[in-house]
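Undergrad: okay, predicted coordinates and the sequence, questions at the end:
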Amino acid sequence: MGAVALRRVGILGTGSAVPSRVLTNRDLERMVDTTDEWIVQRTGIRERRIVDEGKTTSDLAAEAAEKALAAAEVSPREIDLVLVATASPDHLVPPTSCRVQAKIGASRSAAFDVGAACSGFLTALATGSRFVSTGGAERVLVIGAECLSRITDYTDRTSCILFGDGAGATVLAPLERAPRGEILETRLGADGTGYEFIWIPSGGAARPASAETVAAKEHFLRLRGREVFKFAVSRMVELIEGTLAPYDPSEVGIVIPHQVNLRILDAALERLDLPRDRLEVTIDRYGNTSAASIPVALDEAVRAGRVVPGKLVLLVAFGAGLTWGSALIRW
Ligand code: UT7
């Protein structure tokens, strides 16, 4: 019995979509007891995008997917698998990926959702790349999409200032078809002892929705910001140091972290030997968009020419679960 020969996997195209409606810090000042100064100093966020009524996660996902397909010059019928990473699915059942599959006409594909919160996109990327590397799929659409505004309590100033909506997508294929970026490695991890650090207490099987849970606003995201902050800084440093250990820092073209808090990103960078201009930042404009933040930032960096051919692209995420992950790509 021989080992299965694994194929090298590349990124064929990227796309992203954010709603046009802007929610500024000044707008939030009128909704909760907060100030623009506090939000900017503590998080780096100036504004975020909020989806229009009548639109939902699958709409943003489909728009991002169509742009990624166009960039990849792939037709929806050539897609074998649609993966959607989201913490704000259209419905608990069925998977949002099925709605996206129908919306974009990827009629030959399988579809499933990946639930790993802010680490969701990298978890889906790790999954999709293994389908391609083992020959289980030729072209995989990997999407991170969120309408966090739908699960945010806009009376809670400690959380509502953070979140925004958006979606980003990539098309994966065997490397010979995808000259843009080779996925060199992915890493994933979890520590479920932090299960209640970021969560939606009710609406699942443990505590089904009822008049009481809705009255107590338990269907909205809750977080223990300070605990998450400490975890995020140390995990980000460990992930970046561990992933980049075999490489010379001059090989690193760009680091695209989950956009959680500018202070977290700066604190991590301070402990690493990386110049500030290598860090891709979108949090000022989009806030924290959970599973969407990395693929949106990647797409914007690619389209703006900030992803340099031949250099390394490092993606790194952490979030609810607790979960974390990284992906190293040679562009
Ligand atoms: O993607 C994963 C999910 N994201 C996260 O879990 C976020 C990670 N955590 C963070 O980004 C930060 O911890 C926050 C931005 C959430 C909070 O920043 P902080 O520097 O950790 O502030 P804090 O929670 O220690 O609060 C400091 C003070 C408190 O007042 P007292 O107790 O010192 O009087 C808060 O009540 O700031 C107060 N505060 C606010 N004041 C004005 C909390 N939220 C606000 C607000 N506006 N929006």
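TA: Looks like it arrived, so ask away. Numbers count the residues shown, from 1 in each chain.

Undergrad: now the strands for the stretch 201-331 of the chain?
TA: In the stretch 201-331 of the chain, the segments counted as strands under DSSP state E, counting those that start in this stretch are 222-223, 252-257, 312-319, 323-330.

Undergrad: what pairs with the third one, and is each one parallel or antiparallel?
TA: The one in question is strand 312-319. Taking DSSP bridges as the criterion, strand 312-319 forms sheet pairs with strand 252-257 (parallel), strand 323-330 (antiparallel).

Undergrad: and for the residue of the chain found nearest the ligand, nearest residue in space, chain neighbours not counted?
TA: Residue nearest to the ligand within the chain (CB to the nearest ligand atom): Gly225, separated by 2.8 Å. The C-beta positions use only the backbone N, C-alpha and C, and glycine is treated the same way. Nearest residue to Gly225, sequence neighbours excluded (CB to CB, 6 or more residues apart in numbering): Thr158, at 6.2 Å.

Undergrad: what parts of the chain come near the ligand?
TA: Within the chain, the positions adjacent to the ligand are 34, 38, 42-43, 118, 157-158, 161-162, 198, 223, 225-226, 228-229, 260-261, 288, 319 by CB under 6 Å from any ligand atom.

Undergrad: buried residues in stretch 247-257?
TA: By 16 or more other CB atoms under 10 Å, the buried positions in stretch 247-257 come out as Val252, Gly253, Ile254, Val255, Ile256, Pro257.

Undergrad: for stretch 279-288, that is, sorry about that
TA: For stretch 279-288, a neighbour-count test (16+ other CB under 10 Å) marks Leu279, Glu280, Val281, Thr282, Ile283, Arg285, Tyr286, Gly287, Asn288 as buried.

Undergrad: now for this structure, the helix or strand with the poorest mean pLDDT.
TA: helix 262-270 (a mean of 87; mean pLDDT, DSSP states H and E).

Undergrad: report the angle between the axes of it and strand 312-319?
TA: Interaxial angle, helix 262-270 versus strand 312-319 (axes from the mean of the first three to the mean of the last three CA atoms, to 10 degrees): 130 degrees.

Undergrad: might you report the residue contacts of the nearest residue to Arg224 once chain neighbours are set aside?
TA: Leaving out its chain neighbours, the residue that sits closest to Arg224 by CB to CB, 6+ apart is Phe197, at 5.0 Å. Shown in contact with Phe197 (CB atoms under 8 Å, 6 or more residues apart in numbering): Leu223, Arg224, Glu227, Val228, Phe231, Ala320, Leu322.

Undergrad: name the helices or strands packed onto the least confident helix or strand of the chain?
TA: Under the contact definition 3 or more CB pairs under 8 Å, 6 or more residues apart in numbering; DSSP states H and E, helix 262-270 sits against helix 36-43, helix 225-244, helix 283-286.

Undergrad: circling back: Serialize the buried residues of stretch 247-257 to JSON lines and add fields for pLDDT.
TA: Shown next, in JSON lines, are the buried residues of stretch 247-257 (pLDDT from 0 to 100):
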{"residue": "Val252", "pLDDT": "93"}
{"residue": "Gly253", "pLDDT": "94"}
{"residue": "Ile254", "pLDDT": "94"}
{"residue": "Val255", "pLDDT": "94"}
{"residue": "Ile256", "pLDDT": "96"}
{"residue": "Pro257", "pLDDT": "95"}
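
Undergrad: and the two most separated of those?
TA: Spatially, the most separated pair among those is Gly253 and Pro257, at 14.4 Å (CB to CB).

Undergrad: so who does the closest residue to Gly321 other than its chain neighbours touch?
TA: Leaving aside its sequence neighbours, Gly321 sits nearest to Ala190 (CB to CB, 6+ apart; 5.3 Å). Ala190 is in contact with Gly321, Leu322, Thr323, Trp324, counting by CB under 8 Å, 6+ apart.

Undergrad: what do you get for Ala124?
TA: By CB under 8 Å, 6+ apart, the residues touching Ala124 are Leu83, Val84, Ala85, Val114, Ala116, Val142, Ile143, Gly144, Ala291.

Undergrad: of those, closest to Asn25?
TA: The closest of these to Asn25 turns out to be Ala291 (CB to CB; 23.6 Å).
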